[in-house]
Each structure stands twice: as C-alpha cells, then as structure tokens.
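Chemist: Give me a 3D structure for the following:
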Amino acid sequence: MPAIYDFSTVGSVVDVGGGQGALAAALLRTHPHLQAVIFDRTPATHDTQKFFALSGIAGRSKFIQGDFFTAVPGGGDLYLLKSILHNWHDSAAATILGKCRDAMAMDARLLVAERVIRSGNAPSEAKLFDINMLVTVGGRERTEAEYVTQFRSAVELTKVTPTRSHLSLVEAARLDRN
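Modeler: Model (predicted):
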C-alpha cells in the first residue's frame, strides 16, 4: 500500500483495527512526513513499542486502545481499514463505517484495503475467500457494487484501485448529513 497510494497530501493516518501497527510502521518508514495513530482493542506489546523506537518512528506514532464499534479517534486526514470489513456482516460493517465517518473531518478520506470480488463467473481467489469468511467468522467479501451500497449510509465510494496483491484499495469521502 505505501507505494500504491499517494500519501503526499496526507499528514496523519488513523489505522483503525491496526493491531500491532505493521501497516502504520511501513507507512511511517516510507513517508517521513506522516504521523500515525494505531487504534485497536489490544494495547501495543513491549516488543512493538521497542520496534517502533528502534525504527525511529515512535515519535510520529501513537497507540490508542478502544473499540471501533463505540468510537474511532478523530484528527486523521486518512482513515485506514485493512482487512477489517470482511470480518463482519453488513450491519456490523455499517456500524464501523459510521464510527469512522463520525470521527472524520469534512476533507478526510477513508481507505479500505480488502478483496473486491470481480463481476462474472470466472474463478477467483476472492470468491473462495468469501466462502471462507462466511463459514469461519460470519463475514464476507464484497463486489464493488456491494461496497457502494455498504458505504452509502456513511461515506461515498470515490475510487477502487486494484493492486498486484489480492487486495484492492477502496477509497471513500465523508458524507455530510446536514
């Protein structure tokens, strides 16, 4: 993701469900101007804190513990959800998106990195993973049209960028509900 998305106009990133910060660390190492908040239910481990310190990125990062079903930290220019939404059924995913929207400033963006099922009947890894997600955690992979529908209540899908990996970048803007 660091080489695929243009982070030049992004000052701060909130990695929602960011775990121990692997994605945020990669972004911080690649883009020295970035600040990052890693938001997850579990606190950063001692090893993670040591890694961030030794990498010289601890001063540009902050770990915040919390639940994305309750609230998401504000102040980000870009909110990242990598491999999060596919873990959840549609109503739970809508709640997560709504909490992100509530935290986002009017000019903030949302970037979702997930598998996007391509239309048609051709075999695909995303379709197999869709079955896996349904069976194991009750979640699902989605098509671009399903993301448009899923996002509709909170954000507006603006662009889908396939990558060389199995993930696509689904970008969205905040919707004003006035």
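Chemist: now the helices: where do they sit in the protein?
Modeler: For the chain, the helices defined by DSSP state H cover 22-30, 46-54, 90-103, 125-137, 144-151.
Chemist: What are the buried residues along the first one?
Modeler: Within helix 22-30, the residues that qualify as buried by neighbour count (16 or more other CB atoms under 10 Å) are L23, A24, A25, L27, L28. For every residue, glycine as well, the C-beta is placed using N, CA and C.
Chemist: picking that back up, which of the helices of the chain has the lowest mean pLDDT?
Modeler: Among the helices of the chain, helix 125-137 carries the lowest mean pLDDT, at a mean of 64.
Chemist: And for the nearest residue to F52 once chain neighbours are set aside, the neighbour number?
Modeler: Computed as CB to CB, 6 or more residues apart in numbering, the closest residue to F52 that is not its neighbour in sequence is A58, at 4.3 Å. Here the number of neighbours of A58 (other CB atoms under 10 Å) works out to 15.
Chemist: And for I4?
Modeler: There are 15 residues near I4, going by other CB under 10 Å.
Chemist: Equivalent analysis for the one 3 residues further on, please.
Modeler: Other residues near F7 come to 19 when the count uses other CB under 10 Å.
Chemist: I'd like the distance between the residue nearest to G21 when sequence neighbours are not counted and E141.
Modeler: Leaving aside its chain neighbours, G21 sits nearest to I38 (4.2 Å; criterion: CB to CB, 6+ apart). Noted for I38: a distance of 25 Å to E141, by CB to CB, to the nearest Å.
Chemist: With neighbour numbers in mind, choose between those two.
Modeler: Between I38 and E141, I38 has the larger neighbour count (other CB under 10 Å), namely 27 against 22.
Chemist: partner residues bridging the more buried one?
Modeler: D15, F63 (DSSP bridges).
Chemist: Could you pull up the residues touching it?
Modeler: I38 sits next to D15, G18, G19, Q20, G21, A24, A44, S61, K62, F63, I64 when contact means CB atoms under 8 Å, 6 or more residues apart in numbering.
Chemist: switch the cut-off to 10 Å
Modeler: Listed by CB atoms under 10 Å, 6 or more residues apart in numbering, the contact set of I38 reads 13-25, 44, 48, 52, 61-65, 73, 80.
Chemist: Of those residues, select the buried ones using a PyMOL command.
Modeler: Selecting only the buried entries of these in PyMOL, with 16+ other CB under 10 Å as the criterion:
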select buried, resi 13+14+15+16+17+18+19+20+21+23+24+25+44+48+52+61+62+63+73+80
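Chemist: Please work out how many residues are found near the residue nearest to V155 when sequence neighbours are not counted.
Modeler: Excluding the flanking residues, the one nearest V155 by CB to CB, 6+ apart is A172, at 3.9 Å. Residues lying near A172 (other CB under 10 Å) number 26.
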